[in-house]
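Q: only the shape, not the letters, is given here:
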């Protein structure tokens, strides 16, 4: 048997790695390089990350349909080209801001005072928003396309593990980012960090053109591997060849199924947790401990955080495989049991601030790493539930709906965090929560929300779909 399906998994892994590196350039350059140049507040940054999240959410709703309509090969290709272009365009925001406000150099932006500061801030925020919209438009296609490839190339019992492997690209991207981006920004300028990381997507696109074909059309997949990939179809009397599996599912029909709402609510409650830590962790270490992202300790903290995420989260996709193969559980039941286990680990976020005050930033980095690993393990399994419950022709559409719901949750937590942190800083000692004052109290509030999000999400999902109930497109 050939093993071309693992080459496809590797391609998904690298695409997701590039996806998250492009997404993280801003968070790793914001506090040290971009905020001083454009005079942003935390609320400004919250607006940019929040609008990106809500735009990403809206785009995700249509990205799934686009991937199902365009096809996996062309759809994925368009997605990564668009988001790579959006990433590179960030580099021009400073130059354009200078000309719009009438200044001659970056130094003039940094040294600006008086009323022109508000103009610099407003113009630059809008420019970055435009670039983030293009980035979000392309990135919205990544997970619907990747999940569709997984459904095409892996039987149900292997999908959570395959999803965990390619989804580890998010952790590896977040891991590689702090080791490279701050150093690029410090040595070459923050603009070159956007250009160099953005260019990686174009390289991936060139390779994708030559390596992807559907399993039954690929010259790299022999009969034995194709039989293995299609084992679920054979058990279900070749469902993939029946007309119902080929029909597209409309949005109206998708929202009639409680399985759709279950998946969407789980994403709504939990995606924002990951995005909060992705966007705000570097700023947190600088706000709370004065450690910049380009400092050796700052690089080590973020690297350690995502190293924990990467190593531990790989087990997340394998756990339901154990439940299915060794305990005889149905795949959906095994996934839900695994997700319940993972839902308890984010409760450690309740102790991040208290332990950070006693043991310093390393305690916080380790705790956030554990929470992030739990999220990635949860994410691998919740994505796989779409393949359990929906036909292959509808997987990208449902994944897009779920990603939209996750984007809405991410908008609320990121925009809300920026506003909360500015308010807490302005209030100072008068702002109190759980024994903390000022901005630390604001962070404690968000950590508490992150801690309970997964258990709430799991309970609602279980209530909506207590057992495996596959959907048939009529």
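A: Noted; the coordinates are in hand. For clarity, every value in this text was computed on a predicted model and none was experimentally measured. Numbers count the residues shown, from 1 in each chain.

Q: contact partners for residue 375?
A: Residue 375 makes contacts with 270, 273-274, 342, 346, 454, as judged by CB atoms under 8 Å, 6 or more residues apart in numbering. Using the backbone N, CA and C atoms, a C-beta is placed for each residue, glycine as well.

Q: how far away is it from residue 315?
A: 14 Å (CB to CB, to the nearest Å).

Q: the nearest residue to residue 202 once chain neighbours are set aside sits in which helix or strand?
A: The shortest distance from residue 202 to any residue other than its chain neighbours is 5.4 Å, reached at residue 84 (CB to CB, 6 or more residues apart in numbering). Per DSSP states H and E: residue 84 is located in helix 72-89.

Q: now that helix: how far from the chain's centre is it?
A: 16 Å (CA atoms, centre = their mean, to the nearest Å).

Q: with stretch 124-135 instead?
A: The answer for stretch 124-135 is 18 Å, by CA atoms, centre = their mean.

Q: same question, stretch 142-149
A: Worked out by CA atoms, centre = their mean, stretch 142-149 lies 13 Å from the chain centre.

Q: what's the answer for stretch 416-428, then?
A: 25 Å.

Q: same check, this time on stretch 77-94
A: 17 Å.

Q: how about that stretch: buried residues?
A: Across stretch 77-94, burial judged by 16 or more other CB atoms under 10 Å covers 77-80, 82-91, 93-94.

Q: where are the low-confidence patches of the stretch 251-400 of the chain?
A: Where the stretch 251-400 of the chain drops to pLDDT under 70, the residues are 317.

Q: now do the helices in it.
A: Under the criterion DSSP state H, counting those that start in this stretch, the stretch 251-400 of the chain carries helices at the ranges 251-254, 258-289, 296-327, 331-344, 352-359, 361-389, 392-427.

Q: got those as TSV, with distance to residue 46 columns?
A: Output for these, formatted as TSV (distance: least, CB to CB, whole Å):
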stretch	distance to residue 46
helix 251-254	30
helix 258-289	9
helix 296-327	20
helix 331-344	27
helix 352-359	19
helix 361-389	19
helix 392-427	2
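
Q: relative to residue 459, which of those helices is closest?
A: helix 331-344 (8.8 Å; CB to CB).

Q: so which bits of the closest one are buried?
A: 331-336, 338-340, 342-343.

Q: tell me the one of those residues nearest residue 307?
A: residue 342 (18.6 Å).

Q: residue 144 reaches residue 63, doesn't it?
A: Yes. Contact criterion CB atoms under 8 Å: residue 144 and residue 63 qualify, at 5.2 Å.

Q: just read off the phi/psi values of residue 329.
A: phi -80, psi 150 (degrees, to the nearest 10).

Q: what about the helices in the stretch 51-200 of the chain?
A: 72-89, 93-101, 106-111, 116-139, 142-153, 156-188, 190-211.

Q: what about the residue nearest to residue 284 when sequence neighbours are not counted, neighbour count?
A: Leaving aside its chain neighbours, residue 284 sits nearest to residue 443 (6.4 Å; criterion: CB to CB, 6+ apart). A count of neighbours around residue 443, defined by other CB atoms under 10 Å, yields 25.

Q: and for residue 400?
A: Residue 400: 29 neighbours (other CB under 10 Å).

Q: same thing with the one 5 residues further on?
A: As a burial measure, residue 405 scores 23 neighbours (other CB under 10 Å).

Q: and it, what is it in contact with?
A: The neighbours of residue 405, taking CB under 8 Å, 6+ apart as the test, are 57, 264-265, 267-268, 271.

Q: give me that answer again for 10 Å
A: 57, 60-61, 260-261, 263-269, 271 (CB atoms under 10 Å, 6 or more residues apart in numbering).

Q: by neighbours, which of these wins?
A: That'd be residue 266 among the contacts of residue 405, by other CB under 10 Å, with 30 neighbours.

Q: thought that residue was touching residue 464?
A: Yes. With contact defined as CB atoms under 10 Å, residue 266 reaches residue 464; the gap is 9.4 Å.

Q: still on that earlier bit, do you know the pLDDT at the residue nearest to residue 284?
A: Per-residue confidence (pLDDT) for residue 443: 94.

Q: my guess is it meets residue 287, correct?
A: Yes. Counting by CB under 10 Å, residue 443 does reach residue 287; the two are 8.0 Å apart.

Q: as a quick check, tell me the outermost residue of the chain.
A: residue 114 (38.4 Å; CA atoms, centre = their mean).

Q: how far away is residue 382 from residue 403?
A: For residue 382, the distance to residue 403 - CB to CB - is 11 Å.

Q: more neighbours: those two, which one.
A: Per other CB under 10 Å, whichever of residue 382 and residue 403 has more neighbours is residue 403, with 30 against 26.

Q: contacts only, for that one.
A: Contacts of residue 403 by CB under 10 Å, 6+ apart are 56-57, 59-61, 63-64, 139-144, 147, 263-264, 267, 271, 383, 410.

Q: same thing but at 8 Å, please
A: Here residue 403 is in contact with 56-57, 60-61, 63-64, 140, 143-144, 267, 271 (CB under 8 Å, 6+ apart).

Q: circling back to that earlier point, which of the helices or strands spans the residue nearest to residue 284?
A: Here residue 443 is assigned to helix 438-464, by DSSP H and E.

Q: now that helix: how far from the chain's centre is it?
A: The answer for helix 438-464 is 17 Å, by CA atoms, centre = their mean.

Q: tilt between it and helix 392-427?
A: Orientation check (axes from the mean of the first three to the mean of the last three CA atoms, to 10 degrees): helix 438-464 against helix 392-427 gives 150 degrees.

Q: mind starting the numbering at 50 from now?
A: From this message on, residue numbering opens at 50, which makes the last subject helix 487-513.

Q: return the set of buried residues in helix 487-513.
A: Neighbour-count burial for helix 487-513 [16+ other CB under 10 Å]: 487-500, 502-503, 506-507, 509-510, 513.

Q: picking that back up, can you put the contacts of residue 454 in TSV and add distance to residue 518?
A: Output for these, formatted as TSV (distance: CB to CB, whole Å):
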residue	distance to residue 518
106	26
109	24
110	23
309	12
310	13
312	12
313	16
314	16
315	16
316	19
317	21
318	21
320	24
